[in-house]
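Visitor: coords please:
(2 chains)
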Amino acid sequence: MDQIIREKIKQVKKGDQSAFEDVVSFFQNKIYQHCFRMLGNAHEAEDMAQEAFIRAYVNIHSFDDNRKFSTWLYRIATNLTIDRIRKRKPDYFLDAEIKGTEGLDMYSQLASKERLPDEEVESIDLQRYIHQEISELPPKYRSIIMLRYLEEFSLQEISDILDIPLGTVKTRIHRGREALRKRLRHV
Amino acid sequence: MNCNNKSIELMHKYLDGDLSKGEETTLRMHLEECEACQKHFHELKRTITLIQSAEHISAPADFTSAVMKKLPTEKKSMKYTRWLKAHPVVTAAAIFFIFMMSGVFSMYNQNSELVVSKQENLIIQGDTVTVPEDVTVEGDLLVKNGKLIIKGTVDGNVTLINSKLIDEPIQSEGLMASVGEVNGELETVDQVFEWIWYKLKDLFEGVFAF
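Guide: Model prediction:
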């Protein structure tokens, strides 16, 4: 498959727009899903996924043939979604400390939303529920957890996609796993 | 052993596939005797399974066509540029042809002023060259971008480039049989390609004359 994509990219670079159509249809589900999980709604996901492909096409000449195209494409998509999340308003960080207090953050201001496990499983489709829990992780953990366990990239590839050191990837994936463990243990 | 830090660290290393043999033994030994850690480890593994079972989302049906519609249409010049890059030989030929043609045209158009070969006894008025009556012009006569009136005699070939031979209206001298006389060939060149042909012929004649 990699070889086919490589050939298609070469054709796109030569100006064959129709070759790009095959590239889009091959990656569309993966990229759309990635954007959907990052953003949490279908409308924004479609916008950003389209934008990712368009940017890939426009900047195709800056793509190094020796690298993996999927890594490059995910990088564009991830950066776009993270930008989009940043631009959203209002922006509250739950773990930011409240001014004038000591050690008190926004979490303490939230009403307890402990759910009864039975109720949970019965009322909401489990898969939806898991998706929701993932989407509530801070973006920097969410992207890594998704890339690792849903899109099955290696840690090294994730480090390439996000352009952060391997050590940072590991720290974040540990924290992401722990956070999700706490959220999902009663399922 | 401090369960909450050391062994949890080892669990994550295990999940990332970074555990050495020794560390693996340490972790296994610890898990056998520590129930809290066993539970923690089990929860972590279960979490991963749960994440992986999250619902699969597909892109909308018309996603690809929507992207293709939004792609910038290529500029025509870009298309040509790329095509030329892909065909260097044709490009070289085209460039050569352009230079050649532009050279030819500039040479052809450059001299819009009257040019007459150097001969005595010719009368030049504006763009009209006249061979007066009772005069014999020696040698070949060339007129470029003008009009030629022959009343006398030309002792040689006459070549007209972008020029016209004007038969002077025979007025009162109706008795004369001919207005002028050319003792050689009369050649008229008007079209570009004829002109090129003339130039080439000239060149060959020049070459073979030696």
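Visitor: residue nearest the centroid of chain A?
Guide: In chain A, the residue lying closest to the centroid (CA atoms, centre = their mean) is A:Ser143, at 3.7 Å.
Visitor: Sticking with the nearest residue to that residue once chain neighbours are set aside, tell me its helix or strand.
Guide: Once flanking residues are discounted, A:Ser143 sits nearest to A:Thr78: 5.5 Å by CB to CB, 6 or more residues apart in numbering or on different chains. Where you see a C-beta, it was placed from the backbone N, CA and C, and this is true even at glycine. Per DSSP states H and E, A:Thr78 falls inside helix A:69-87.
Visitor: Go ahead and name everything in contact with that helix.
Guide: A:5-6, A:9, A:23, A:27, A:30-31, A:34-35, A:38-39, A:44, A:48-49, A:51-53, A:55-56, A:63, A:139, A:143, A:147, A:151, A:153, A:157, A:160-163 (CB atoms under 8 Å, 6 or more residues apart in numbering or on different chains).
Visitor: Ok, stretch B:7-23 next?
Guide: By CB under 8 Å, 6+ apart, stretch B:7-23 touches A:155, A:170, A:173-174, A:177-178, B:1, B:24, B:26-27, B:30-31, B:34, B:37, B:40-41, B:44-45, B:48.
Visitor: thinking again about what came up before, flag every buried residue along the helix or strand containing the residue nearest to the centre of chain A.
Guide: Using DSSP H and E, A:Ser143 maps to helix A:139-145. Buried positions in helix A:139-145, judged by neighbour count with 16 or more other CB atoms under 10 Å in any protein chain shown: A:Pro139, A:Tyr141, A:Arg142, A:Ser143, A:Ile144, A:Ile145.
Visitor: any idea how far A:Asp163 is from the closest residue to the second one other than its chain neighbours?
Guide: What it means is A:Tyr141. Of all residues not flanking A:Tyr141 in the chain, A:Gly176 sits nearest, at 3.6 Å (CB to CB, 6+ apart). Plainly put, A:Gly176 is 18 Å away from A:Asp163 if you go by CB to CB, to the nearest Å.
Visitor: quick one, which of the two is more surrounded?
Guide: Between A:Gly176 and A:Asp163, A:Gly176 has the larger neighbour count (other CB atoms under 10 Å in any protein chain shown), namely 24 against 9.
Visitor: Surely that one is in contact with A:Pro139?
Guide: No: assessed by CB atoms under 8 Å, A:Gly176 is found out of contact with A:Pro139, at 10.8 Å.
Visitor: Just the CA coordinates for the longest helix seen in chain A, please, in CSV.
Guide: For chain A, the helix with the greatest residue count under DSSP state H is helix A:17-39. Written as CSV, here are the backbone C-alpha positions of helix A:17-39 (Å, rounded to 0.1, in the frame of the first residue of the first chain):
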residue,chain,number,x,y,z
GLN,A,17,-4.8,16.1,-9.9
SER,A,18,-6.8,13.0,-10.4
ALA,A,19,-4.0,10.9,-8.7
PHE,A,20,-4.7,13.0,-5.5
GLU,A,21,-8.3,11.8,-5.6
ASP,A,22,-7.1,8.2,-4.9
VAL,A,23,-4.9,9.5,-2.0
VAL,A,24,-7.9,11.3,-0.5
SER,A,25,-10.2,8.3,-0.7
PHE,A,26,-7.5,6.1,0.8
PHE,A,27,-6.9,8.3,3.8
GLN,A,28,-10.3,10.0,4.2
ASN,A,29,-11.7,7.8,6.9
LYS,A,30,-8.6,7.9,9.0
ILE,A,31,-8.1,11.6,8.8
TYR,A,32,-11.8,12.4,9.3
GLN,A,33,-11.9,10.1,12.3
HIS,A,34,-8.8,11.7,13.7
CYS,A,35,-10.3,15.2,13.3
PHE,A,36,-13.6,14.0,14.7
ARG,A,37,-12.0,12.6,17.9
MET,A,38,-9.8,15.7,18.3
LEU,A,39,-12.7,18.1,17.8
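Visitor: relative orientation of the next helix or strand after that helix and helix A:69-87 in degrees?
Guide: Once helix A:17-39 ends, the next helix or strand along the chain (criterion: DSSP H and E) is helix A:42-58. With axes from the mean of the first three to the mean of the last three CA atoms, to 10 degrees defining the directions, helix A:42-58 sits at 130 degrees from helix A:69-87.
Visitor: and helix A:42-58, anywhere near chain B?
Guide: Yes: Helix A:42-58 is in contact with chain B by CB under 8 Å from any CB of the partner chain, via A:Ala42, A:Glu46, A:Ala49, A:Gln50, A:Phe53, A:Ile54, A:Tyr57, A:Val58.
Visitor: For chain B, which helix or strand comes out least confident on mean pLDDT?
Guide: One helix or strand of chain B scores below all others by mean pLDDT, DSSP states H and E: helix B:76-86, with a mean of 68.
Visitor: neighbouring contacts of the helix or strand following it?
Guide: Using DSSP H and E, the helix or strand that follows helix B:76-86 towards the C-terminus is helix B:88-110. Helix B:88-110 is contacted by residues B:Leu84, B:Lys85, B:Val192, B:Trp195, B:Ile196 when judged by CB under 8 Å, 6+ apart.
Visitor: where does chain A dip in pLDDT?
Guide: Applying pLDDT under 70 to chain A picks out residues A:89-124.
Visitor: domains for it, by residue range?
Guide: A:1-89, A:119-186 (the TED database).
Visitor: need the residues of chain B near chain A, please.
Guide: Counting by CB under 8 Å from any CB, the residues of chain B that sit close to chain A are B:8, B:12, B:15-16, B:18, B:40, B:43-44, B:46-48, B:50-60, B:63-64, B:66-68, B:70-72, B:74, B:78-79, B:82, B:86.
Visitor: For the residues you listed, which ChimeraX command selects only the ones that are buried?
Guide: To isolate the buried subset of those in ChimeraX, counting by 16+ other CB under 10 Å, use the following:
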select /B:8,12,15,16,40,43,44,47,48,50,51,54,57,59,63,64,66,67,68,71
